[in-house]
Structure formats: C-alpha cells, structure tokens
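Colleague: how would this look folded up:
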Amino acid sequence: MVTMTAAPVATKMAETAEVLTFPEALNRAIRQEMRRDPSIVVIGEDVAGAAGREHLGFKDAWGGPTRSTKGLVTEFGSGRVLDTPIAEMGFVGAAVGAAMSGLRPIVDLGFIDLIGCCYDQLINQAAKMHYMMGGQVEIPMTVRMSYGARPPSNQTAGGGAAATHSQTLYSVLAHIPGLKCVAPTTAYNAKGLMIAAIRDNNPVIVLEHRYLGLNARTPVPETAYTLPFGKAEIVREGTDLTLCGIGRMTYVCLDAAAALTAEGLEAEVIDVLSLAPLDEETILESVEKTQRLVVVDEDTPSCSLGRDIAARVADAGFDFLDAPIKTINSADTPVPYSAALESIYTPSPQQVVDAVHEMLGTG
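Modeller: Below is the predicted model of the structure:
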C-alpha cells in the first residue's frame, strides 16, 4: 500500500518534528490543548482505564480502544479525565450539558457504531441547541470515534469485530446540520484537525479509521497547529482523471493511481478530509481539469457520502465531464465476521482500476 506523506509538513521543517502514529498524534493534540486550557475535559469508556491499578501490573492508563487518551489521567487527574459506565446516551448527554455550562468536553465514543446508543444527544441536542437557543449558547464539544473494516492486506491482524463494531457510518453524521465532521488520514492532519475541533465553538466529529496503521505515520511538528475545516487536499497531481477518496480510501486511490501510471494514465487524487463542510470547490476544479471522476467511499452505497459527492459534481460540474461519474462503495451488506469475507468487503485498488477501465471503455 502506498504511504501518504503530509505535504504541509514541508513548510514547518524549521520546527521540531517527530514521526508519530495516528493515535500518538491525537494524544499529543489532546495533551497540548489540555495544558493550554483548563476547561477541557475528556469523557468516555476506559479513557483512564488502568490508572490506579499499578498493584495489578498496570503501569499507565491504556487510553481506550485506540490508545489516543493513553496516560492523560496520569498528568491531568481523574477530575479532568473521566471514565464512564457503558452508557453512551448518558455520557454524551452529560458532555452536551458540560459544553453548555462552559467546559470544552472531548468525548471518546470508541466505535462509530455506538452512535446508535446516543443519536438523539448528537442530532437533537449537540447539533441543534445553539439554534434552538437563538445563539445564546455554544456547544464546544469534540466527539472522536473510530470506524472501518479490515483492509484486504490485513487478514491476520486485527479485524473480526463483526457487523456492529466495524461500520462506516459517517454519512449519517455528515447529514446533520450543526455537526462538523472530519476524517483525517495522516498523523499530521490528525493532530491539526483535532486541535481545530477542540478550539471550535461547535460540535465536531473527529473520525479515525482504526486500520490506517503504519501508512498514517508522518512527521508531526511539536508545536500546536490547526488545519481548516471545509478544505480537501490534493495528495497526487494528475491530468487524466480524478480519484476522490475518503479516509482510508485515499490510500486505495493512491494505490490505484500507481497502477494506472503503468498504463499511461495520470490520476489526480483528492483526500476529502472534511466531510461537513465539504470542499466542493477543490473537487470541481480538479474535475474541470481532468474531466473524469471516480469517488471511493468505504460506506455502503445507499445515501452514501460518495454518492452525494457524485451528485454535487453532476449538478455543478456536468459540463466538465467527458464520462459518467463512477462511485465505488463497500458491499451493500453488514460487515462480515469472517476474515476472508471482511478482507474483500471494502473497495480495493483493483476495483478502482476496473472502474476507470469501464469509464474509459478500455476494460
């Protein structure tokens, strides 16, 4: 799989930078912001974890399913890093109230699948309270969650979380006015978008693909920095067609682009990054140049974000197109538990290449 570099880091080489994993970058972002602002609290299941149980052999708080809150309770204490019962409706609702009262909660939901347990708090409380109160209250609340199924290249490690802990449900969240949603893809943009989310006065969903693995490792500046919402990134320049990826699918697009180069086709690859608000301008400008578009989305096809992007381009950029837009999604089924089936459930680079051949009439 192609490893994506974080181009903006080149502009910060004068700063101290360290190559970090995705969870390490998120941890640095949260830790730096908690040092800066005492109103920030972390709430969730096992965000403190093993703290206080050193006599059982635990050396530090383990930091939830993805370790992004590891060790925070050791530095900031249990008054600011709060373990909760397995009651998402309760602690997400408590975070909304805390945000209304002047705190800046970071909620670790663990898995995106668990929005089913707290959807009312997200879509009817967090997303709408500012509007229902005539702008008199703000909800500076960050909700981070992991999503995604096992990649084809990872058949032996990880995965196997089955139908209710492997889903990609970001279209359900991006659909809601009042919620901002971002899906970082590298350690660099994970830190920048996480800090931006924490500082924002609106509820922001930060989505982490749990199987980005070593491909998401990038140099990360030591200092705090933010990246803007509503801005996609062109991670590969090209002239013959545009491949638009969301989350881990950006890497799938890069792999497909490398394969297409051998056929004499240069694909431009766009990393969407911000799901709501969406950067239509960058996508349309790319399609105007290349005149062809393939959107790759790990979500299931019906009402997916990928098909929404295709519809927006068809509406605003129809005259740019020399071929029908192609969308590639995961299978229209629940995520399978079987390792063999899960590894072929999500879009692959070969599916992208095949879609390009079909679009060009060369398949």
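
Colleague: which parts of the longest helix seen in the chain are buried?
Modeller: Longest helix of the chain, by residue count under DSSP state H: helix 22-36. The neighbour-count check on helix 22-36 (16 or more other Cβ atoms under 10 Å) flags 22-34 as buried. To be clear about C-beta, it is placed using only N, CA and C from the backbone, and glycine gets the same treatment.

Colleague: need these in CSV (columns: pLDDT and distance to residue 160).
Modeller: Output for the buried residues of helix 22-36, formatted as CSV (pLDDT from 0 to 100; distance: Cβ to Cβ, whole Å):
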residue, pLDDT, distance to residue 160
22, 90, 20
23, 90, 20
24, 93, 24
25, 95, 26
26, 94, 24
27, 94, 25
28, 96, 29
29, 97, 29
30, 97, 28
31, 97, 31
32, 97, 34
33, 98, 34
34, 98, 34
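
Colleague: would you list every one of the helices in the stretch 201-350 of the chain?
Modeller: Using DSSP state H, counting those that start in this stretch, the helices of the stretch 201-350 of the chain run over 249-261, 280-290, 305-316, 339-342, 349-360.

Colleague: which one of those helices lies nearest to residue 186?
Modeller: helix 249-261 (9.3 Å; Cβ to Cβ).

Colleague: tell me the strands in this protein, going along the chain?
Modeller: Residue ranges of the strands in the chain, as given by DSSP state E, are 17-20, 40-44, 81-83, 104-111, 142-147, 180-182, 204-209, 218-221, 233-236, 241-245, 267-271, 274-276, 293-296, 326-328.

Colleague: what's near enough to touch residue 130?
Modeller: 137, 138, 139, 178, 202 (Cβ atoms under 8 Å, 6 or more residues apart in numbering).

Colleague: what sits against the second one?
Modeller: Under the criterion of Cβ under 8 Å, 6+ apart, the contact list for residue 138 reads 99, 100, 130, 201, 202.

Colleague: out of those residues, what pair is the most spread apart?
Modeller: Largest pairwise distance in the contacts of residue 138, by Cβ to Cβ, is 12.6 Å, between 100 and 202.

Colleague: in CSV, list the C-alpha atoms belonging to the least confident helix or strand in the chain by mean pLDDT.
Modeller: Lowest on mean pLDDT, DSSP states H and E among the helices and strands of the chain sits helix 339-342, with a mean of 88. What follows is helix 339-342, C-alpha atoms only, in CSV (Å, rounded to 0.1, in the frame of the first residue of the first chain):
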residue,chain,number,x,y,z
ALA,A,339,-11.6,-12.7,8.0
ALA,A,340,-11.7,-13.9,4.4
LEU,A,341,-15.0,-12.1,3.7
GLU,A,342,-14.1,-9.0,5.6
